[in-house]
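**Q** have a look at this prediction, sequence included:
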Amino acid sequence: MRSLLLIVLAGCLSNLATQTAMAEDKIQMCSSGTMTMGPFDEHIAEIRKANRYEQADIDELIAEQKAGGPDFFSTQVVIKEEQSGSGTFDLNMFQGFSDPQAKYQSTEKWHCEHDDYPVAYFVGFKVSRISGGAILVTPEKGTVNVISLKKVDPDLDKHTSVKDFASHAVLCQDIAEGCIKTIFYGRY
């Protein structure tokens, strides 16, 4: 009986250690701030003027916005896989960050370097916690949080989800693949 009790106790302690290790990862914040996006139709005019994107890509974005609803453009999850000038240009242009109507105010300077990539931009969300393979966010209009995914999902192959902090509703089943239709998703 005593040996059975020791086996059960050892199993419980092992389970507790595993849960504690998986409980919460430290958020490596790259930057934070506020962003007000301009009107979506003006964004479409800007990317058409850039003459950089195929008409089919622009038409698909318009269809996604119609399906996504009124908050589609102001709630975004964007993956930036590596530091690159061209990727940064496309991210800023296609997601609308560089539109003349967009207003960005940094509240925390950029902290991430080359080795911290990939990074994820959360527009309209505050990153609250990373726990159990999920990034938990709180909807917060106008907020921008950029975090490093290097310690969480460095190769974007762990199927890291994004969930609402309060309700645990899944916003992105796998951050490397996309999000629900109400969120403007990008990967560069």
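**A** Great, that's in hand. As the structure is a prediction and not an experimental result, all values here were calculated from the model.

**Q** could you use CA atoms for every contact and neighbour count after this?
**A** Noted.

**Q** the helices in this structure, which residues?
**A** With helices called from DSSP state H, the chain shows them at 2-23, 40-50, 55-68, 85-94.

**Q** could you tell me the least trusted of those?
**A** Here these differ in mean pLDDT, and the lowest is helix 2-23 at a mean of 38.

**Q** Ser32: how many residues sit nearby?
**A** Ser32: 23 surrounding residues under other Cα atoms under 10 Å.

**Q** any idea how far the nearest residue to it once chain neighbours are set aside is from Lys109?
**A** Excluding the flanking residues, the one nearest Ser32 by Cα to Cα, 6 or more residues apart in numbering is Asn145, at 4.5 Å. Using Cα to Cα, to the nearest Å, one gets 11 Å for the distance from Asn145 to Lys109.

**Q** what sits in contact with each of the two?
**A** Listed contacts common to Asn145 and Lys109 are Cys30, Ser31, Ser32; contacts here mean Cα atoms under 8 Å, 6 or more residues apart in numbering.

**Q** these in strands, which ones?
**A** Using DSSP state E, Cys30, Ser31, Ser32 are the members of the shared contacts of Asn145 and Lys109 that sit in strands.

**Q** now do the contacts for the last one.
**A** Put plainly, it is Ser32. Residues counted as contacts of Ser32 (Cα under 8 Å, 6+ apart) are Ser106, Thr107, Glu108, Lys109, Thr143, Val144, Asn145, Val146.

**Q** kindly report the same for the first one.
**A** Listed by Cα under 8 Å, 6+ apart, the contact set of Cys30 reads Lys109, Trp110, His111, Cys112, Val119, Asn145, Val146, Ile147, Ser148.

**Q** could you report the pLDDT at it?
**A** At Cys30, the model reports a pLDDT of 97.

**Q** Ile62: neighbour count?
**A** 15.

**Q** please apply the same query to the one 3 residues further on.
**A** Using other Cα under 10 Å, Gln65 has 19 other residues around it.

**Q** that one - nearest residue in space that isn't next to it in sequence?
**A** Spatial nearest neighbour of Gln65, chain neighbours left out: Phe72 (5.9 Å); criterion: Cα to Cα, 6+ apart.

**Q** so that neighbour touches Tyr185, yeah?
**A** No. Taking contacts as Cα atoms under 8 Å, Phe72 lies outside contact range of Tyr185: 9.3 Å.

**Q** which one's more surrounded, the two?
**A** Per other Cα under 10 Å, whichever of Phe72 and Tyr185 has more neighbours is Tyr185, with 24 against 20.

**Q** who are the contact partners of the more buried one?
**A** Shown in contact with Tyr185 (Cα under 8 Å, 6+ apart): Gln76, Val77, Val78, Gly178, Cys179.

**Q** tell me where the longest strand sits in this structure.
**A** Looking across the chain with DSSP E, the single longest strand is strand 134-148.

**Q** buried residues in that strand, which are they?
**A** Residues of strand 134-148 classed as buried: 134-139, 141-148 (neighbour count, 16 or more other Cα atoms under 10 Å).
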